[in-house]
Every structure is written in structure tokens, then in C-alpha cells.
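Colleague: based on what follows, work out the 3D shape:
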Amino acid sequence: QVQLVESGGGLVQAGGSLRLSCAASGRTFTNAIMGWFRQAPGKEREFVGNIRWSGASYYADSVKGRFTISRDNAKNTVYLQMNSLKPEDTAVYYCAASSAAWALYQHEYNYWGQGTQVTVSS
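Modeller: Predicted coordinates:
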């Protein structure tokens with residue numbers, strides 16, 4: 001089993017920044033893809049971005065240029081740096097781990113964290 005714990009959420013004004021962390025423990029995947037998703041009230045969970053073991057990352061168009069995903073493999077931790085935040089970024093943010101070679105969709109991720117709330121005020 002893999003346990004994922006997110007932290008770093010909170011309330012921020014529009015235009016501000018937050019950095020989320022996701023710490024993995026238990027069984028870890030050397031080549032795991034780590035993803036970030038988010039779910040706004042009344043909406044379905046959506047893909048934010050992911051990062052491979054190599055550090056290569058991929059982002060949804062809605063966050064490209066504003067969000068950056070990084071990982072520290074030695075610490076089994078993944079980060080989501082969020083800049084230029086907008087009220088529409090308000091959501092519960094989840095990290096997830098996949099053992100697949102590539103993973104964009106929720107069903108491709110095997111393990112999920114409990115989520116952390118991010119609220120952006122206007």
C-alpha cells in the first residue's frame with residue numbers, strides 16, 4: 001500500500017501563491033507517475049498535471065504557465081507550486097500515484113491522498 005498525504009492548502013487572495021506538498025509513504029514506485037487533480041464544489045474532479053520519475057511534467061491548459069510540479073525522489077515528496085492564483089482555482093486538491101507508464105485519467109491512478117482545500121478569494 002501507498003499512503004499519500006497532502007499539505008499546504010489554505011486561503012489566499014487572487015494573484016497570490018501557494019505550494020502544496022504530497023508526501024508518499026509505504027510501498028513506493030521507482031517509476032511512479034505522480035499526479036495532481038482538483039475538485040471544485042459541484043464539479044467533477046479534473047486533472048491538473050503530472051510528473052514522471054525523470055522530472056518531465058505535463059499540465060492541463062487551465063494551469064499551464066501558472067502551476068509547476070516538482071518532485072524530490074529522495075524524500076518521496078511531490079510539490080505543486082501555484083502562482084497567479086484565480087478564484088476559479090478554488091477546489092480540493094488531490095495528489096495521486098500511478099504505476100502506469102503514463103497516466104492522465106483518474107482511473108489510471110492507483111493511490112490517492114485525502115485532499116487539501118485551496119480557497120482563492122477575489
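Colleague: in this structure, which spans are strands?
Modeller: Along the chain, the stretches classed as strands by DSSP state E are 2-7, 10-13, 18-26, 33-39, 46-51, 57-59, 67-72, 77-82, 91-98, 111-112, 116-121.
Colleague: and those as TSV, adding mean pLDDT, mean neighbour count and distance to residue 105?
Modeller: Where you see a C-beta, it was placed from the backbone N, CA and C, and this is true even at glycine. Below are the strands of the chain laid out as TSV (pLDDT from 0 to 100; neighbours: other C-beta atoms under 10 Å; distance: least, C-beta to C-beta, whole Å):
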stretch	mean pLDDT	mean neighbour count	distance to residue 105
strand 2-7	93	17	18
strand 10-13	98	13	28
strand 18-26	93	18	18
strand 33-39	96	24	9
strand 46-51	97	21	7
strand 57-59	96	17	13
strand 67-72	95	18	17
strand 77-82	96	21	18
strand 91-98	96	24	10
strand 111-112	94	18	13
strand 116-121	98	17	21
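Colleague: what about stretch 69-85, how long is it end to end?
Modeller: 15 Å (C-alpha to C-alpha, to the nearest Å).
Colleague: who's the spatially closest residue to residue 91 that is not a sequence neighbour bridged to?
Modeller: Closest residue to residue 91 apart from its sequence neighbours, by C-beta to C-beta, 6 or more residues apart in numbering: residue 38 at 3.8 Å. The partner list for residue 38 in beta bridges (DSSP bridges) reads residue 46, residue 93.
Colleague: give the contact list for residue 38.
Modeller: Contact partners of residue 38, counting by C-beta atoms under 8 Å, 6 or more residues apart in numbering, are 45, 46, 48, 89, 91, 92, 93, 94, 118.
Colleague: what's the burial count for residue 56?
Modeller: Each residue near residue 56 was counted by other C-beta atoms under 10 Å, and the total is 9.
Colleague: sorry, back to before: can you tell me how far the residue nearest to residue 91 sits from residue 1?
Modeller: Counting by C-beta to C-beta, to the nearest Å, the gap between residue 38 and residue 1 amounts to 24 Å.
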